[in-house]
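1. any chance you can model this:
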Amino acid sequence: MAILGERWTFVVLREVFNGVRRFDDMRRHTSIPRQVLTDRLALLVEHGILRKEPYKSPGERARHEYRLTDKGIDLYPVLIAIAQWGDRYLADPAGPPVQFVHRDCDAVMRMVATCHAGHEVGDLRRIAPRPGPGATPRDG
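-> Below you'll find the model as predicted:
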């Protein structure tokens, strides 16, 4: 959560997933304070979620776009799940402001929980946390 837990981080990621890659465009779309946006982008680059790609508009100095790495793309299901939750509990009666669709068939995406045996878990209360192989015993 040290990487993703800050309140503006998912706003920045949402913008990049939506194709907004340039600093000034992100500022215009989100109204994130300049220093906060600078810090969030630096953190996401530092942790390999975004990478900087140089570009230069004619007559201007060189700048950077921010592009998702594979590590960043792996956060897409998280973003879609958060949007799905918002659509269920907070959306306008007219419907959600954005829909995520499968490019191949144009059907609306939904995130579902499945186990490694291939079972879809509809009732999320059927999911149980258990210590994993990397768990370490707690003193106490």
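
2. and the helices in the chain?
-> With DSSP state H applied, the chain shows helices at 9-17, 23-30, 34-46, 70-73, 76-89, listed in chain order.

3. which regions of this protein sit below the pLDDT cut-off?
-> Residues of the chain meeting the criterion pLDDT under 70: 140.

4. how far out from the middle of the chain is stretch 9-22?
-> Its chain's average C-alpha position is 8 Å from that of stretch 9-22, according to Cα atoms, centre = their mean, to the nearest Å.

5. buried set for that stretch?
-> Residues of stretch 9-22 classed as buried by neighbour count (16 or more other Cβ atoms under 10 Å): 9, 10, 11, 12, 13, 14, 15, 16, 17, 20, 21. Where you see a C-beta, it was placed from the backbone N, CA and C, and this is true even at glycine.

6. which parts of this structure belong to which domain?
-> Structural domains assigned to the chain are 9-69, 75-126, following automatic domain parsing.

7. can you tell me which of those is most buried?
-> A comparison of the domains of the chain by mean neighbour count, using mean count of other Cβ atoms under 10 Å, puts domain 9-69 on top with a mean of 15.

8. between the two ends of that domain, how far is it?
-> 15 Å (Cα to Cα, to the nearest Å).

9. before we move on, the earlier item: any chance of the helices of the chain in TSV, plus distance to residue 56?
-> Output for the helices of the chain, formatted as TSV (distance: least, Cβ to Cβ, whole Å):
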stretch	distance to residue 56
helix 9-17	20
helix 23-30	14
helix 34-46	19
helix 70-73	24
helix 76-89	29
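
10. many thanks, I have nothing further to ask.
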